[in-house]
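Undergrad: sequence plus the predicted model coming up.
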Amino acid sequence: MRKFVSHRPGARSRSVLTVLVAALACLFIWTPTASAHGTIIGPPTRAYQCWDDWGSDHMNPNLPTLDPMCSQAFQANPDTMWNWMSALRDGLNGNFQGSTPDGQLCSNALSRNNSLNRAGAWKTTNISNNFSMHLYDQANHGTDFFRVYVSKNGFNPATQTLGWGNLDFITQTGPYPQDNNVTFNVQTSGYTGHHIVFTIWQAAHLDQTYMWCSDVIFN
């Protein structure tokens, strides 16, 4: 006597659903915790500018001509663009300069983002000497402080990679509570033309440090 096997649609649907749920659970378990953090979106960091301008058009054949720096960054490692929010390192204990060699500031010393350190024709944002900065924090980490620097007069981002000796320290903020959007004002004087605004974000939930370069034109 043959064993009876049910072919009811409901039984089969439940079986397929069980498999799908198990598969999705595995994907969730293995999703990196670094997948949702934040960055300075105003003035935009180099990685965020690339994603904002080209994330939906990265296969444009004219990209190398229209935006050569984002093109080389994408060719070096697409993850630099896709993970614009995850340029973090753990456990620096405030030793930012000692943990970050000259020439690696814009990548936060992350080898996967080394293309962000390259000198060249990065897209710029026009700002005044008194300007506002905007952090978009997807995960609501909160902030211990921001530390803001501007590249010195005479430094040329188009031909030079950034080192600590090329920076003027401008300000360090106090803490900010958990929020998706944090804005704060920065006051400077005496800057004109193309500069780099270099920002350190010390997140509040863990010892996580983010470092970014934003290319600006001081008007």
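TA: Here it is on my side, so go on.

Undergrad: quickly find the element holding Cys50.
TA: helix 46-54 (DSSP states H and E).

Undergrad: give me the beta-bridge partners of the closest residue to Cys106 other than its chain neighbours?
TA: Nearest in space to Cys106, with sequence neighbours left out and distances taken as C-beta to C-beta, 6 or more residues apart in numbering, is Cys213 at 3.7 Å. In this view, the C-beta of every residue, glycine as well, is placed from N, C-alpha and C. In this entry, Cys213 is beta-bridged to Phe198, by DSSP bridges.

Undergrad: list the contacts of Cys213.
TA: The contact partners of Cys213, by C-beta atoms under 8 Å, 6 or more residues apart in numbering, come to Thr45, Arg46, Leu105, Cys106, Leu116, Leu162, Ile196, Val197, Phe198.

Undergrad: rerun that using 10 Å as the cut-off
TA: By C-beta atoms under 10 Å, 6 or more residues apart in numbering, the contact list for Cys213 reads 40, 45-47, 105-108, 116-117, 122, 149, 151, 157, 162, 196-199.

Undergrad: same check on His37?
TA: Applying C-beta under 10 Å, 6+ apart, we find His37 in contact with 83-88, 136-139, 141, 201, 203, 208, 210.

Undergrad: how much space between it and Gln208?
TA: Separation of His37 from Gln208 (C-beta to C-beta, to the nearest Å): 8 Å.

Undergrad: now swap in Arg112 and tell me
TA: Counting by C-beta to C-beta - Arg112 and Gln208 are separated by 17 Å.

Undergrad: which one's more surrounded, these two?
TA: The neighbour count for Arg112 versus Gln208, taken as other C-beta atoms under 10 Å, is higher for Gln208 (18 against 14).

Undergrad: is the nearest residue to that one once chain neighbours are set aside bridged to anything, and to what?
TA: Of all residues not flanking Gln208 in the chain, Leu88 sits nearest, at 4.9 Å (C-beta to C-beta, 6+ apart). Here Leu88 sits in beta bridges with Tyr210, going by DSSP bridges.

Undergrad: wait, isn't Leu88 in contact with Leu206?
TA: Yes. Proximity of Leu88 to Leu206 meets the contact threshold set by C-beta atoms under 10 Å, at 9.3 Å.

Undergrad: ranges for the helices of the chain?
TA: 9-29, 46-54, 63-66, 68-76, 79-82, 96-99 (DSSP state H).

Undergrad: where are the low-confidence patches of this structure?
TA: For the chain, the stretches with pLDDT under 70 are 1-36.

Undergrad: quick one, strands of it?
TA: Secondary structure of the chain (DSSP state E): strands located at 38-42, 88-90, 125-127, 130-137, 143-151, 167-172, 181-187, 193-203, 208-218.

Undergrad: for His58, find the nearest of these.
TA: Across the strands of the chain, His58 has its closest neighbour in strand 38-42 (17.9 Å, C-beta to C-beta).

Undergrad: list the helices and strands that closest one packs on?
TA: helix 46-54, strand 130-137, strand 143-151, strand 181-187, strand 193-203, strand 208-218 (3 or more C-beta pairs under 10 Å, 6 or more residues apart in numbering; DSSP states H and E).
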